[in-house]
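# here is my input, please return the structure:
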Amino acid sequence: MEQTIAAALINSVMAKEAFVRENTKDVMDLACQMVITLRQNGKILIFGNGGSAADAQHMAAEFVNRFLINRRPLAAIALTTDTSIITAIGNDFSFDEIFSKQVQALGKPEDLALGISTSGASVNVIKGIEVAKEIGMRTAALTGGLSGDGGELGKIADLTLNVPTASTPHIQEVHVWIEHVLCELVEMEIFGEG
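Numbering: from 1, shown residues only. Next up, the predicted model:
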(Lines give C-alpha, C1' and ligand atoms only; values in the text may rest on other atoms or scores of the structure.)
Protein backbone atom coordinates (compact mmCIF):
# COMPACT_ATOMS: atom_id res chain seq x y z
CA MET A 1 0.00 0.00 0.00
CA GLU A 2 2.79 2.44 0.86
CA GLN A 3 4.37 1.88 -2.56
CA THR A 4 1.03 2.48 -4.30
CA ILE A 5 0.52 5.72 -2.38
CA ALA A 6 4.05 6.92 -3.14
CA ALA A 7 3.73 6.05 -6.85
CA ALA A 8 0.32 7.75 -7.11
CA LEU A 9 1.76 10.93 -5.62
CA ILE A 10 4.82 10.92 -7.87
CA ASN A 11 2.73 10.29 -11.00
CA SER A 12 0.24 13.01 -10.08
CA VAL A 13 3.00 15.55 -9.53
CA MET A 14 4.68 14.53 -12.79
CA ALA A 15 1.40 15.04 -14.69
CA LYS A 16 1.04 18.55 -13.23
CA GLU A 17 4.66 19.41 -14.04
CA ALA A 18 4.31 18.16 -17.63
CA PHE A 19 1.12 20.19 -18.05
CA VAL A 20 2.67 23.38 -16.69
CA ARG A 21 5.74 23.05 -18.95
CA GLU A 22 3.50 23.02 -22.02
CA ASN A 23 0.53 25.18 -21.01
CA THR A 24 1.37 28.05 -18.65
CA LYS A 25 0.68 30.71 -21.30
CA ASP A 26 -2.61 29.05 -22.28
CA VAL A 27 -3.78 28.96 -18.64
CA MET A 28 -3.09 32.69 -18.39
CA ASP A 29 -4.87 33.25 -21.72
CA LEU A 30 -7.95 31.37 -20.51
CA ALA A 31 -7.97 33.30 -17.24
CA CYS A 32 -7.86 36.55 -19.26
CA GLN A 33 -10.73 35.37 -21.47
CA MET A 34 -12.75 34.58 -18.34
CA VAL A 35 -12.01 38.03 -16.91
CA ILE A 36 -13.07 39.71 -20.17
CA THR A 37 -16.26 37.61 -20.22
CA LEU A 38 -17.19 38.52 -16.65
CA ARG A 39 -16.30 42.21 -17.05
CA GLN A 40 -18.59 42.35 -20.12
CA ASN A 41 -21.45 40.98 -17.98
CA GLY A 42 -21.13 37.61 -19.65
CA LYS A 43 -21.28 34.27 -17.91
CA ILE A 44 -19.24 31.09 -17.96
CA LEU A 45 -21.10 27.90 -18.95
CA ILE A 46 -19.25 24.78 -17.78
CA PHE A 47 -20.05 21.16 -18.67
CA GLY A 48 -18.73 17.60 -18.80
CA ASN A 49 -19.66 14.01 -17.89
CA GLY A 50 -19.00 11.96 -14.77
CA GLY A 51 -16.04 13.36 -12.84
CA SER A 52 -15.95 16.24 -15.31
CA ALA A 53 -19.58 17.01 -14.42
CA ALA A 54 -18.52 17.23 -10.79
CA ASP A 55 -15.67 19.53 -11.85
CA ALA A 56 -18.16 21.77 -13.68
CA GLN A 57 -20.28 22.07 -10.53
CA HIS A 58 -17.25 22.62 -8.32
CA MET A 59 -15.86 25.38 -10.53
CA ALA A 60 -19.22 27.13 -10.90
CA ALA A 61 -19.58 27.10 -7.11
CA GLU A 62 -16.14 28.69 -6.67
CA PHE A 63 -17.10 31.52 -9.06
CA VAL A 64 -20.60 32.15 -7.72
CA ASN A 65 -19.75 31.89 -4.02
CA ARG A 66 -16.04 32.60 -3.49
CA PHE A 67 -12.65 31.02 -3.98
CA LEU A 68 -10.14 32.81 -1.75
CA ILE A 69 -11.64 36.30 -1.58
CA ASN A 70 -14.93 37.43 -0.06
CA ARG A 71 -16.38 39.35 -3.02
CA ARG A 72 -19.47 39.72 -5.18
CA PRO A 73 -20.63 36.59 -7.03
CA LEU A 74 -19.31 35.90 -10.53
CA ALA A 75 -21.67 34.52 -13.19
CA ALA A 76 -21.02 30.83 -13.83
CA ILE A 77 -23.43 27.97 -14.48
CA ALA A 78 -22.75 24.22 -14.49
CA LEU A 79 -24.94 22.65 -17.18
CA THR A 80 -24.70 19.33 -15.34
CA THR A 81 -27.05 20.01 -12.43
CA ASP A 82 -30.65 20.23 -13.64
CA THR A 83 -31.82 16.62 -13.77
CA SER A 84 -35.21 17.55 -15.20
CA ILE A 85 -33.61 19.27 -18.20
CA ILE A 86 -30.95 16.59 -18.67
CA THR A 87 -33.40 13.69 -18.49
CA ALA A 88 -36.01 15.43 -20.66
CA ILE A 89 -33.48 16.09 -23.41
CA GLY A 90 -31.96 12.62 -23.04
CA ASN A 91 -35.39 10.99 -23.21
CA ASP A 92 -37.02 13.13 -25.91
CA PHE A 93 -33.98 13.63 -28.13
CA SER A 94 -30.58 12.16 -27.22
CA PHE A 95 -28.02 12.22 -24.44
CA ASP A 96 -25.73 13.73 -27.10
CA GLU A 97 -27.85 16.91 -26.98
CA ILE A 98 -27.95 17.56 -23.22
CA PHE A 99 -25.41 20.38 -23.33
CA SER A 100 -26.02 21.80 -26.80
CA LYS A 101 -29.70 22.50 -26.06
CA GLN A 102 -28.80 24.23 -22.79
CA VAL A 103 -26.13 26.32 -24.55
CA GLN A 104 -28.75 27.27 -27.17
CA ALA A 105 -31.15 28.33 -24.42
CA LEU A 106 -28.70 30.18 -22.17
CA GLY A 107 -25.70 31.19 -24.28
CA LYS A 108 -25.06 34.71 -25.56
CA PRO A 109 -22.15 36.00 -27.66
CA GLU A 110 -20.58 37.67 -24.61
CA ASP A 111 -20.41 34.32 -22.73
CA LEU A 112 -17.69 31.68 -22.53
CA ALA A 113 -18.28 27.92 -22.81
CA LEU A 114 -15.86 25.58 -21.04
CA GLY A 115 -16.15 21.91 -22.03
CA ILE A 116 -14.37 19.32 -19.90
CA SER A 117 -13.55 15.84 -21.24
CA THR A 118 -10.62 13.67 -20.17
CA SER A 119 -10.59 12.00 -23.61
CA GLY A 120 -11.66 14.96 -25.73
CA ALA A 121 -14.12 12.57 -27.40
CA SER A 122 -17.36 13.13 -25.44
CA VAL A 123 -19.97 13.72 -28.13
CA ASN A 124 -22.28 15.80 -25.95
CA VAL A 125 -19.43 18.08 -24.86
CA ILE A 126 -18.28 18.48 -28.46
CA LYS A 127 -21.82 19.38 -29.54
CA GLY A 128 -22.07 21.91 -26.71
CA ILE A 129 -18.89 23.64 -27.88
CA GLU A 130 -20.04 23.54 -31.50
CA VAL A 131 -23.28 25.33 -30.61
CA ALA A 132 -21.39 27.86 -28.49
CA LYS A 133 -19.19 28.67 -31.49
CA GLU A 134 -22.29 29.09 -33.70
CA ILE A 135 -23.63 31.62 -31.17
CA GLY A 136 -20.32 33.49 -31.23
CA MET A 137 -19.26 32.60 -27.68
CA ARG A 138 -15.66 32.21 -26.59
CA THR A 139 -14.90 28.49 -26.23
CA ALA A 140 -12.34 26.54 -24.22
CA ALA A 141 -11.70 22.89 -23.40
CA LEU A 142 -9.95 20.91 -20.70
CA THR A 143 -8.81 17.59 -22.17
CA GLY A 144 -6.15 14.94 -21.76
CA GLY A 145 -4.13 12.37 -23.63
CA LEU A 146 -0.75 11.84 -25.20
CA SER A 147 -1.77 12.94 -28.71
CA GLY A 148 -1.43 16.53 -27.53
CA ASP A 149 -4.39 17.83 -29.52
CA GLY A 150 -7.14 17.06 -27.01
CA GLY A 151 -9.12 14.87 -29.41
CA GLU A 152 -12.05 16.21 -31.42
CA LEU A 153 -13.01 18.59 -28.60
CA GLY A 154 -9.52 20.06 -28.50
CA LYS A 155 -9.53 20.60 -32.24
CA ILE A 156 -12.72 22.69 -32.25
CA ALA A 157 -12.36 24.80 -29.09
CA ASP A 158 -10.77 28.24 -29.40
CA LEU A 159 -8.37 27.38 -26.57
CA THR A 160 -7.49 23.89 -25.35
CA LEU A 161 -5.66 22.95 -22.18
CA ASN A 162 -4.55 19.34 -22.71
CA VAL A 163 -3.02 17.28 -19.90
CA PRO A 164 -0.30 15.16 -21.56
CA THR A 165 -0.83 11.79 -19.93
CA ALA A 166 -2.82 8.64 -20.72
CA SER A 167 -3.91 8.19 -17.09
CA THR A 168 -7.53 9.27 -16.61
CA PRO A 169 -7.18 9.73 -12.83
CA HIS A 170 -4.16 11.98 -13.28
CA ILE A 171 -5.89 13.96 -16.04
CA GLN A 172 -8.79 14.55 -13.64
CA GLU A 173 -6.44 15.55 -10.82
CA VAL A 174 -4.74 18.09 -13.06
CA HIS A 175 -8.11 19.40 -14.26
CA VAL A 176 -9.13 20.19 -10.67
CA TRP A 177 -5.79 21.93 -10.13
CA ILE A 178 -6.24 23.96 -13.36
CA GLU A 179 -9.76 24.94 -12.31
CA HIS A 180 -8.49 26.18 -8.95
CA VAL A 181 -5.66 28.13 -10.58
CA LEU A 182 -8.14 29.73 -13.00
CA CYS A 183 -10.43 30.73 -10.12
CA GLU A 184 -7.51 32.28 -8.26
CA LEU A 185 -6.23 34.18 -11.30
CA VAL A 186 -9.69 35.51 -12.13
CA GLU A 187 -10.31 36.65 -8.54
CA MET A 188 -6.93 38.36 -8.35
CA GLU A 189 -7.42 40.14 -11.67
CA ILE A 190 -10.96 41.37 -10.92
CA PHE A 191 -10.78 42.01 -7.19
CA GLY A 192 -7.09 42.22 -6.28
CA GLU A 193 -5.34 39.92 -3.84
CA GLY A 194 -7.80 40.58 -1.03
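# tell me where the protein has helices.
2-39, 51-64, 83-92, 100-106, 123-135, 151-156, 168-191 (DSSP state H).
# tabulate the ones you listed (CSV), appending mean neighbour count and mean pLDDT.
All C-beta spots, glycine's among them, are computed from the backbone N, C-alpha and C. Shown next, in CSV, are the helices of the chain (neighbours: other Cβ atoms under 10 Å; pLDDT from 0 to 100):
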stretch, mean neighbour count, mean pLDDT
helix 2-39, 15, 95
helix 51-64, 20, 98
helix 83-92, 13, 98
helix 100-106, 19, 98
helix 123-135, 22, 98
helix 151-156, 21, 96
helix 168-191, 19, 97
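# right, and these - which one's nearest Leu142?
For Leu142, the closest of the helices of the chain is helix 168-191, at 5.0 Å, according to Cβ to Cβ.
# rewinding a little: so which of the helices of the chain is nearest Leu112?
With Cβ to Cβ, the closest approach to Leu112 among the helices of the chain belongs to helix 2-39: 4.3 Å.
# re the thing from before, between the helices of the chain, which one is closest to Ala75.
Nearest to Ala75, of all those, is helix 2-39, at 6.5 Å by Cβ to Cβ.
# from the chain's centroid, how far away is that closest one?
Computed by Cα atoms, centre = their mean, to the nearest Å, the separation of helix 2-39 from the middle of its chain amounts to 12 Å.
# elements contacting it?
If you count contacts as 3 or more Cβ pairs under 8 Å, 6 or more residues apart in numbering; DSSP states H and E, helix 2-39 packs onto strand 44-48, strand 112-116, strand 138-144, strand 159-163, helix 168-191.
# can you add distance to Phe63 and give these back as TSV?
Formatted as TSV, the helices and strands packed on helix 2-39 follow (distance: least, Cβ to Cβ, whole Å):
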stretch	distance to Phe63
strand 44-48	7
strand 112-116	11
strand 138-144	14
strand 159-163	17
helix 168-191	7
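# of all the ones you listed, which one comes closest to Gln102?
The closest of the helices and strands packed on helix 2-39 to Gln102 is strand 44-48. By Cβ to Cβ, the value is 7.6 Å.
# got the angle between the closest one and strand 112-116?
Here strand 44-48 points in a direction 20 degrees away from that of strand 112-116 (axes from the mean of the first three to the mean of the last three Cα atoms, to 10 degrees).
# strand 44-48: partners in the sheet, and parallel or antiparallel?
Within its sheet, and counting by DSSP bridges, strand 44-48 is paired with strand 76-78 (parallel), strand 112-116 (parallel).
# for the shortest one, which outside residues touch it?
Pointing back at strand 76-78 there. 43-47, 53, 56-57, 59-61, 63-64, 106 (Cβ atoms under 8 Å, 6 or more residues apart in numbering).
# how about those residues in CSV, adding distance to Val27?
Conversion of the contacts of strand 76-78 to CSV gives the following (distance: Cβ to Cβ, whole Å):
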residue, distance to Val27
Lys43, 20
Ile44, 15
Leu45, 19
Ile46, 16
Phe47, 20
Ala53, 22
Ala56, 18
Gln57, 21
Met59, 14
Ala60, 19
Ala61, 20
Phe63, 16
Val64, 21
Leu106, 25
